[in-house]
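Novice: I need the structure of the sequence given here:
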Amino acid sequence: MQYSPAHARSDPSTSAVVDSAVRIAIDGIRLDGDLMIPAGATGLVLFAHGSGSSRLSPRNRYVAGELRRAGLGTLLFDLLTPTEEQEDALTAALRFDIPLLATRLGAVTDVVAHRPDTRNLRIGYFGASTGAAAALVAAAERPGTVGAIVSRGGRPDLAGSFLRRVTAPTLLIVGGDDEHVLELNRDAYRALSGPKRLEVVPAATHLFEEPGTLERVAWLAREWFEENLAVEHARPAPSGEPW
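Specialist: So this is what the prediction gives:
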């Protein structure tokens, strides 16, 4: 893996260090992302997008903002390259390639787990749609590295046999009116062997577009990460060195 230079800048509105040009090269491709770490953060949540989405998803960016208000760092990044996103827009195939997405999420996880400015942060995953399955697979392959998982309208069923290997506390959030996905989540919930919780948001559909439903998702995610990523001592202030 290689890291291309990125410029860190302070954001006075959030008391954060913002690296707006994180680039990680993995096996000949480059993934771009946005990293924000509030001062004194003890956790870093990596966002795994799915089903044709990207790091620019307004729903995930809203949730990320609420997590930062709670003092959690966030890393939103693209699991697919621009060329792959164009291909997926036509075929919808790569968004269901869970091994590919999980491998890339895992590779980024390994990077942040060892970099000097992020290695003291406990890592959490926030997965949406097929990105939730990728998060569960990557977490199953890294027991002890991933401290908590939240799935929003996810497809955890696509993680298959990996569900039984997940040890990180896992919160499944599903819309009450997203009936098919709700049933899939109930099946996945039964298969999970670690600490778990299934939260149904009443009157919400798959994208949580109904008034107040996305706010409920953000509150639940914040509560879950605060509880499961808490540590006794805050990490040192991030160095801001380039990726």
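
Novice: where do the helices sit along this structure?
Specialist: 58-69, 82-91, 98-114, 130-140, 179-191, 213-228 (DSSP state H).

Novice: any weak-confidence spans in the protein?
Specialist: Low-confidence segments of the chain (pLDDT under 70): 1-21, 51-56, 231-243.

Novice: Residue 63 and residue 217 touch, don't they?
Specialist: Yes. Counting by Cβ atoms under 8 Å, residue 63 touches residue 217, with 6.4 Å between them. C-beta here means a position set from N, CA and C on the backbone, and glycine is covered the same way.

Novice: what is in contact with these two at once?
Specialist: Taking Cβ atoms under 8 Å, 6 or more residues apart in numbering as the criterion, residue 63 and residue 217 both touch residue 152.

Novice: related to what we said a few turns ago, out of the helices of the chain, nearest to residue 169?
Specialist: helix 213-228 (4.7 Å; Cβ to Cβ).

Novice: list the helices and strands the closest one packs on?
Specialist: For helix 213-228, the packing partners by 3 or more Cβ pairs under 8 Å, 6 or more residues apart in numbering; DSSP states H and E come out as helix 58-69, strand 122-128, strand 146-152, strand 170-175, strand 196-201.

Novice: what's the angle between it and strand 122-128?
Specialist: 160 degrees (axes from the mean of the first three to the mean of the last three Cα atoms, to 10 degrees).

Novice: check contacts around the residue lying closest to residue 208 once chain neighbours are set aside.
Specialist: Distances taken as Cβ to Cβ, 6 or more residues apart in numbering put residue 214 closest to residue 208, at 4.5 Å, once the chain neighbours are dropped. Contacts for residue 214 (Cβ under 8 Å, 6+ apart) come out as 59, 62, 63, 208.

Novice: before we move on, the earlier item: just the helices of the chain: most buried one?
Specialist: Among those, helix 130-140 has the highest mean neighbour count (mean count of other Cβ atoms under 10 Å), at a mean of 29.

Novice: Can I get that helix in CSV, CA atoms only?
Specialist: In CSV, the C-alpha atoms belonging to helix 130-140 read as follows (Å, rounded to 0.1, in the frame of the first residue of the first chain):
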residue,chain,number,x,y,z
THR,A,130,-24.5,-3.9,1.0
GLY,A,131,-21.7,-2.0,2.8
ALA,A,132,-23.1,-3.4,6.0
ALA,A,133,-22.3,-6.9,4.8
ALA,A,134,-18.8,-5.8,3.9
ALA,A,135,-18.4,-4.3,7.3
LEU,A,136,-19.5,-7.6,9.0
VAL,A,137,-17.1,-9.7,6.9
ALA,A,138,-14.2,-7.3,7.5
ALA,A,139,-14.9,-7.3,11.2
ALA,A,140,-15.1,-11.0,11.4
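
Novice: hmm, back to that, quick one: the helices and strands packed on helix 213-228 as CSV, columns for distance to residue 112 too.
Specialist: Output for the helices and strands packed on helix 213-228, formatted as CSV (distance: least, Cβ to Cβ, whole Å):
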stretch, distance to residue 112
helix 58-69, 15
strand 122-128, 7
strand 146-152, 11
strand 170-175, 20
strand 196-201, 24
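
Novice: Which one, of these, ends up nearest to residue 106?
Specialist: strand 146-152 (9.5 Å).

Novice: Tell me the bridge partners for the closest residue in space to residue 186 that isn't next to it in sequence.
Specialist: Spatial nearest neighbour of residue 186, chain neighbours left out: residue 198 (6.8 Å); criterion: Cβ to Cβ, 6+ apart. Counting by DSSP bridges, residue 198 forms beta bridges with residue 172.
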